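*Asks:* Okay, structure incoming, though there's no sequence with it:
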């Protein structure tokens with residue numbers, strides 16, 4: 001079983017320019033992501049970047065990185081570009097978010113394990129139980145509904161399902177909601193195919209790339225995690241992450 005992890009990392013960011021290089025307690029954010037991914041069962045971990053500064057930084061701490069085209073519309077396209085440059089065979093490719101320095105190795109392994117079967121899925125992603133009303137009603141935290149086999153039926157920024165018979169304040173009491181965690185794994189042939197698809201109507205409506213794949217007929221298998229992930233998009237998120245690291249005694 002050969003699984004390659006690829007971490008897309010752009011320098012440009014509207015709210016936090018140079019985000020991958022931000023210092024988090026003595027290590028850059030991208031180094032913390034790489035180090036966490038290296039603790040998993042992945043056979044190889046590679047950073048896919050559009051910026052020479054990030055490329056040199058990753059190679060400087062002993063990581064592997066490739067330079068991709070600067071005009072990719074999504075992280076998925078950047079992952080495909082990097083994978084093709086590697087010229088390596090793999091059973092699955094894991095797309096690891098470059099702005100989640102606290103990703104847990106077991107979350108990566110949960111997806112990799114889905115591909116260690118005779119008939120592996122086309123794509124896979126992570127879901128997590130919703131535990132608060134703040135999570136449930138936040139449009140920044142997409143929700144997902146599954147079929148009986150754990151495959152995604154739909155992703156939405158709105159809580160799904162809508163419980164007509166109960167007030168919204170009681171929705172969590174009467175139904176187990178799931179939140180989407182943006183960690184993906186693909187078979188190589190499927191990665192090539194989905195990056196050739198045009199944007200779809202549902203994707204454009206919700207601004208969720210994975211809806212394009214569902215509309216095209218690609219089933220998305222899910223694995224469940226109880227662990228929280230913390231994405232960093234703003235200077236305020238950096239301060240929050242530093243406070244968390246201090247509280248748990250995490251440093252370089």
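*Replies:* Structure's in. What do you need? A quick note: this is a predicted structure, and the numbers were derived from the prediction, not measured.

*Asks:* these two touch, right, residue 57 and residue 29?
*Replies:* No - at 10.6 Å, residue 57 and residue 29 do not qualify as touching, with contact defined as CB atoms under 8 Å. Where C-beta positions appear, they are placed from N, C-alpha and C, glycine not excepted.

*Asks:* Which residues are in contact with each of the two?
*Replies:* Shared contacts of residue 57 and residue 29, defined by CB atoms under 8 Å, 6 or more residues apart in numbering, comprise 20-21.

*Asks:* Settle it for me: which of the two has more neighbours?
*Replies:* Per other CB atoms under 10 Å, whichever of residue 57 and residue 29 has more neighbours is residue 29, with 23 against 20.

*Asks:* Kindly state the pLDDT recorded for the more buried one?
*Replies:* On pLDDT, residue 29 comes in at 92.

*Asks:* got the buried residues for the longest helix along the chain?
*Replies:* Longest helix in the chain, counting residues (DSSP state H): helix 235-248. Buried residues in helix 235-248, counted by 16 or more other CB atoms under 10 Å: 237-238, 241, 245.

*Asks:* same thing with stretch 3-23?
*Replies:* Quick answer for stretch 3-23 (16+ other CB under 10 Å): 3-11, 16, 19-22.

*Asks:* from those residues, which has minimum pLDDT?
*Replies:* residue 16 (82).

*Asks:* distance of the residue sitting furthest away from the middle of the chain from residue 211?
*Replies:* Most distant residue from the mean C-alpha position of the chain: residue 165, 34.0 Å away (CA atoms, centre = their mean). Residue 165 sits 27 Å away from residue 211, going by CB to CB, to the nearest Å.

*Asks:* just residue 236 next, same as before
*Replies:* Using CB to CB, residue 236 is found at 29 Å from residue 211.

*Asks:* Thank you, goodbye.
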